[in-house]
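fold the stuff below for me.
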Amino acid sequence: VCGAIAARIGMGAFVDIVGPRYGTAATMLITAPAVFCMALVNDYATFTVVRFFIGCSLCMFVCCQFWCGTMFNVRLVGTANAIAGGWGNMGGGACHWIMP
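Numbering: from 1, shown residues only. As a prediction, the model looks like this:
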């Protein structure tokens, strides 16, 4: 969660400058190696560091909400944001429900 808080603040400024497409690409390029490195973890300190960087991937939500805000009409943007955010949360919930 600590990584996500800092990353979301930084991503807000980043997407204001370059847009959500580059923000999404940068997030995936930066955090994908951390996901891979989780397979190499063998102690608590490494787990904590890798988990911090994986938490930074949660700033993808900022890119999604920014994109919805620019792509939809003012009358529909609230509904679009709610659906986009809800689908993301539903995916996380389904993952916890399905996986052992």
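
quick one: the helices in this structure?
Under the criterion DSSP state H, the chain contains helices at 2-18, 20-37, 44-55, 60-71, 77-98.

okay, buried residues for the last one please.
By 16 or more other C-beta atoms under 10 Å, the buried positions in helix 77-98 come out as 80-81. For every residue, glycine as well, the C-beta is placed using N, CA and C.

what's it packed up against?
Counting contacts by 3 or more C-beta pairs under 8 Å, 6 or more residues apart in numbering; DSSP states H and E, helix 77-98 is packed against helix 60-71.

burial check on T24, number of neighbours?
19 (other C-beta atoms under 10 Å).

what's near enough to touch the closest residue to it other than its chain neighbours?
Of all residues beyond its chain neighbours, the one nearest T24 is C63 (4.7 Å), with distances taken as C-beta to C-beta, 6 or more residues apart in numbering. When contacts are counted by C-beta atoms under 8 Å, 6 or more residues apart in numbering, C63 touches 11, 15, 20, 23-24, 27.

on that earlier part again, redo the helices of the chain as TSV? Include mean pLDDT.
Output for the helices of the chain, formatted as TSV (pLDDT from 0 to 100):
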stretch	mean pLDDT
helix 2-18	91
helix 20-37	94
helix 44-55	93
helix 60-71	90
helix 77-98	88
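
what about stretch 36-49, start to end distance?
Taking C-alpha to C-alpha, to the nearest Å, stretch 36-49 runs 13 Å from one end to the other.

list of residues touching that stretch?
The contact list for stretch 36-49 (C-beta under 8 Å, 6+ apart) reads 50, 54.

ok, stretch 3-17 next?
By C-beta under 8 Å, 6+ apart, the surrounding residues in contact with stretch 3-17 are 22-23, 26-27, 51-59, 61-63, 66.
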